[in-house]
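Visitor: please find the sequence and the predicted model below.
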Amino acid sequence: MLSGYFTYQVLTITGNFWVALIVAPVVTAFLGIILERFFIRRVHEFGHVGELILTVGIALIILDAVKVFWGTESLPVKVPPILDGLVYLWGIDYPIYRLFVIGIAVLVLGIMIVLLYKSRLGKIVRAAVTDADMVNALGVNIPVVFMFVFGFGTWLAGVAAVAIAPILTVYPGLADQVGMDAFIVVVTGGFGSLLGAFIVSIIFGLMNSYGVQFISQLAPVLMYAFMAVVLMIRPNGLFGERE
């Protein structure tokens, strides 16, 4: 949501979507790093409950702040002219911008795979999540690693916001709408599983599209029903590992 408003502001100043695609996620990541360094790190000793209470409180503060600065009305973000229009694919006219969003998603997935599974940094991150004390004993600065991960996560959220802003517009409830969908995808796919998140997001996308087409009244609850069935069978998600 915050990156979406940054996108709108950069577009208002520069009129250039590509500048917004670079600037908004970077500013969001910078704020995420500050948040982790000076706030979240101080409540680690209280566990996930402490982190949850703190982040929910900060989210409410951010929500009120954007209402003060930008108001409560939806703010439109225009599709860049080069991506506006339709392209004929397999018998249908498909929006070019939607293909661009799909391309960004594939690119981000590729970056995540290389970073987490093909780089030394990724090995350190995965090891730190599993056994932070052991990795710290080997001379790795765990707080810096976690700060980087949090910053990278907020950068990813920022990129997603820039991509989705021309489709959904920018408004205070954007975080709730997209955040809930992302949460369902992660829980159903399994925490820590890129493959699970990818496959479940494809499944949910198809369910939503066909649900709206054939059973429009039940379409909004299909994701929740699917998640409930999966968690009853596999409490850790489709690809989650048992702890």
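Guide: Received the coordinates, thanks. Being a predicted model, the structure only gives us computed values, none of them experimental.
Visitor: neighbours around residue 82, how many?
Guide: Using other Cβ atoms under 10 Å, residue 82 has 11 other residues around it. The C-beta positions use only the backbone N, C-alpha and C, and glycine is treated the same way.
Visitor: tell me how far it lies from residue 227.
Guide: Using Cβ to Cβ, to the nearest Å, residue 82 is found at 38 Å from residue 227.
Visitor: need the pLDDT of the residue nearest the centre of the chain.
Guide: When Cα atoms, centre = their mean is applied to the chain, the residue found nearest the centroid is residue 157 (4.0 Å). Looking at residue 157, its pLDDT reads 92.
Visitor: ok, it to residue 29 distance?
Guide: For residue 157, the distance to residue 29 (Cβ to Cβ) stands at 9 Å.
Visitor: who are the packing partners of the lengthiest helix in the chain?
Guide: The residue-count maximum for a helix in the chain (DSSP state H) belongs to helix 142-168. For helix 142-168, the packing partners by 3 or more Cβ pairs under 8 Å, 6 or more residues apart in numbering; DSSP states H and E come out as helix 2-14, helix 17-38, helix 96-117, helix 120-130, helix 132-137, helix 174-189.
Visitor: for the chain, give me the ranges with low pLDDT.
Guide: Along the chain, segments meeting pLDDT under 70 span 241-243.
Visitor: domains in it, by residue range?
Guide: Annotated domains of the chain cover 2-171, 173-243 [automatic domain parsing].
Visitor: distance between the ends of the first one?
Guide: Spelled out, it's domain 2-171. This stretch, domain 2-171, spans 10 Å end to end (Cα to Cα, to the nearest Å).
Visitor: distance between it and the chain's centre?
Guide: 6 Å (Cα atoms, centre = their mean, to the nearest Å).
Visitor: again, but for the last one
Guide: Between the centre of domain 173-243 and the centre of its chain there are 14 Å (Cα atoms, centre = their mean).
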